[in-house]
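Asker: The amino acid sequence is not available; the structure is as follows:
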Ligand SMILES: *Cc1c(COP(=O)(O)O)cnc(C)c1O
């Protein structure tokens with residue numbers, strides 16, 4: 001069986017609500033690359049099209065596919081206040097004729113009015129999503145339980161809610177979008193082979209997991225480096241390992257991913273999720289000034305800061321590196337008053 005058929009076979013049982021503009025471009029970053037001593041490329045998943053794009057559009061195709069199959073009329077989701085996931089979920093809901101309830105968690109301390117009103121929050125409001133608050137930021141089970149309770153209320157009023165859960169206990173449907181993206185990349189690789197390493201932000205880990213699983217299922221052994229944006233390297237590696245297992249269970253096709261194949265870097269995570277540091281601000285400004293390309297403050301800015309740090313310390317697997325841009329630029333406007341040292 002041809003390798004690409006494996007992806008078809010794995011994904012066949014899962015309904016997909018097609019919305020992403022794909023394939024996304026794969027482009028060189030010659031000026032930034034030269035500065036770092038690399039042959040650097042970018043996979044432009046900030047260009048997935050729907051509602052400012054980003055990685056969540058690929059993930060949501062499978063959640064919305066399931067929701068439509070259940071004839072749901074309302075999408076429910078929980079995440080951080082400046083979450084790209086909830087903004088994209090609200091847009092996907094509208095795109096397929098549904099309402100959306102969003103629960104915004106207090107994950108980031110000491111934020112001001114700009115963070116609470118601008119960026120993704122402004123877009124959530126324009127999309128007409130119903131916003132709810134959640135006072136904790138590190139309580140995934142509690143946040144999910146609150147959303148489930150909200151779903152119960154909607155059900156009792158005659159609605160048909162579909163919940164996109166947060167915690168790692170649920171089937172990783174969103175990772176299927178990145179199994180598909182792995183095949184998409186495989187089709188583009190001829191232009192840049194041999195590729196030494198892929199660098200990608202690793203948060204819920206569904207992007208990292210789907211890519212790793214998809215590439216290995218296709219017989220491609222390119223190292224994938226996850227840059228930690230939420231948890232330290234040990235905790236995130238455990239999460240990726242668990243999600244790869246969960247994905248094997250979901251699809252009925254296990255892919256063996258050894259411990260050494262789960263590559264993490266957490267050197268640019270501090271002081272924590274959604275909080276800027278100098279390396280991240282510098283990476284955002286540098287990428288804009290060298291390449292005319294915008295990164296975001298929570299994910300891709302930290303991921304590029306990590307790539308720069310790894311390049312500087314000889315920590316990359318080689319000189320031909322692909323940076324996977326996962327989007328998130330609307331959050332720049334939610335961080336406008338924190339991006340002052342540029
Ligand atoms: C959510 C997000 C990520 C992290 O992706 P996960 O699949 O949650 O690991 C990276 N970049 C951006 C811009 C995001 O919104």
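Answerer: Cool, the structure landed. None of these values were measured; they are calculated from a predicted model. Residues are numbered from 1 along each chain as shown.
Asker: Check the gap between residue 42 and the ligand for me.
Answerer: Relative to the ligand, residue 42 is positioned 13 Å away (Cβ to the nearest ligand atom, to the nearest Å). In this view, the C-beta of every residue, glycine as well, is placed from N, C-alpha and C.
Asker: Remind me which helix or strand that residue belongs to.
Answerer: Residue 42 belongs to strand 39-44 when assigned by DSSP states H and E.
Asker: What lies in contact with that strand?
Answerer: Strand 39-44 has contacts (Cβ atoms under 8 Å, 6 or more residues apart in numbering) with 24-30, 32-33, 185, 192, 195, 293, 319-325.
Asker: So for that strand, what gets flagged as buried?
Answerer: 39-44 (16 or more other Cβ atoms under 10 Å).
Asker: Can I get those in JSON lines including pLDDT and distance to residue 103?
Answerer: Formatted as JSON lines, the buried residues of strand 39-44 follow (pLDDT from 0 to 100; distance: Cβ to Cβ, whole Å):
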{"residue": "39", "pLDDT": "97", "distance to residue 103": "43"}
{"residue": "40", "pLDDT": "98", "distance to residue 103": "38"}
{"residue": "41", "pLDDT": "98", "distance to residue 103": "37"}
{"residue": "42", "pLDDT": "98", "distance to residue 103": "32"}
{"residue": "43", "pLDDT": "98", "distance to residue 103": "30"}
{"residue": "44", "pLDDT": "98", "distance to residue 103": "30"}
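Asker: And the residues you listed, which is closest to residue 334?
Answerer: Nearest to residue 334, judged by Cβ to Cβ, of the buried residues of strand 39-44 is residue 44 at 21.9 Å.
Asker: re the thing from before, can I have the buried ones of the contacts of strand 39-44 as a PyMOL selection?
Answerer: In PyMOL syntax, the buried subset of the contacts of strand 39-44 is picked out as below (16+ other Cβ under 10 Å):
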select buried, resi 24+26+29+32+33+185+195+293+320+321+322+323+324+325
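Asker: From the contacts of strand 39-44, which land in helices?
Answerer: Residues of those located in helices (DSSP state H): 30, 32-33, 185.
Asker: Is residue 17 in a helix, a strand, or coil?
Answerer: Of the three states, residue 17 takes coil under DSSP: H, G, I helix; E, B strand; the rest coil.
Asker: in the protein, which spans are strands?
Answerer: 26-28, 39-44, 74-80, 99-105, 130-134, 161-164, 197-202, 224-228, 263-265, 320-325 (DSSP state E).
Asker: The fourth one pairs with which strands, parallel or anti?
Answerer: Meaning strand 99-105. strand 74-80 (parallel), strand 130-134 (parallel) (DSSP bridges).
Asker: Looking at these, spot the one closest to residue 176.
Answerer: Using Cβ to Cβ, the strands paired with strand 99-105 put strand 74-80 closest to residue 176, at 17.1 Å.
Asker: re earlier: how about the strands of the chain in TSV, adding distance to residue 247?
Answerer: Compiled in TSV, these are given as follows (distance: least, Cβ to Cβ, whole Å):
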stretch	distance to residue 247
strand 26-28	24
strand 39-44	20
strand 74-80	20
strand 99-105	25
strand 130-134	27
strand 161-164	16
strand 197-202	15
strand 224-228	14
strand 263-265	18
strand 320-325	18
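Asker: For residue 136, which non-adjacent residue is spatially closest?
Answerer: residue 142 (5.9 Å; Cβ to Cβ, 6 or more residues apart in numbering).
Asker: How about residue 37?
Answerer: Using Cβ to Cβ, 6+ apart, the closest residue to residue 37 is residue 311 (6.6 Å).
Asker: For residue 310, which residues are in contact?
Answerer: Neighbours of residue 310 in contact, by Cβ under 8 Å, 6+ apart: 199, 225, 265, 267, 316.
Asker: Neighbours of the residue nearest to the third one when sequence neighbours are not counted, how many?
Answerer: In this case it means residue 265. Spatial nearest neighbour of residue 265, chain neighbours left out: residue 306 (4.9 Å); criterion: Cβ to Cβ, 6+ apart. Using other Cβ atoms under 10 Å, residue 306 has 30 neighbouring residues.
Asker: you'd agree residue 306 is up against residue 229?
Answerer: No. Residue 306 lies out of contact with residue 229 (Cβ atoms under 8 Å); the separation is 9.0 Å.
Asker: which bits of this protein sit near the ligand?
Answerer: For the chain, the residues in contact with the ligand (Cβ under 6 Å from any ligand atom) are 54-56, 84-85, 201-208, 296, 299-300, 326-328.
Asker: Show me this structure divided up by domain.
Answerer: 3-54+172-339, 56-164 (automatic domain parsing).
Asker: and residue 82, what is it in contact with?
Answerer: 108, 115, 119-121, 274, 298, 331, 334-335 are the contacts of residue 82 under Cβ under 8 Å, 6+ apart.
Asker: which strands and helices sit next to the lengthiest helix in the chain?
Answerer: Longest helix of the chain, by residue count under DSSP H: helix 233-251. Contacts defined by 3 or more Cβ pairs under 8 Å, 6 or more residues apart in numbering; DSSP states H and E place helix 233-251 against helix 175-188, helix 206-217, strand 224-228, strand 263-265.
Asker: With mean pLDDT added, can I get the ones you listed in TSV?
Answerer: Listed next are these as TSV, based on pLDDT from 0 to 100:
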stretch	mean pLDDT
helix 175-188	97
helix 206-217	98
strand 224-228	98
strand 263-265	98
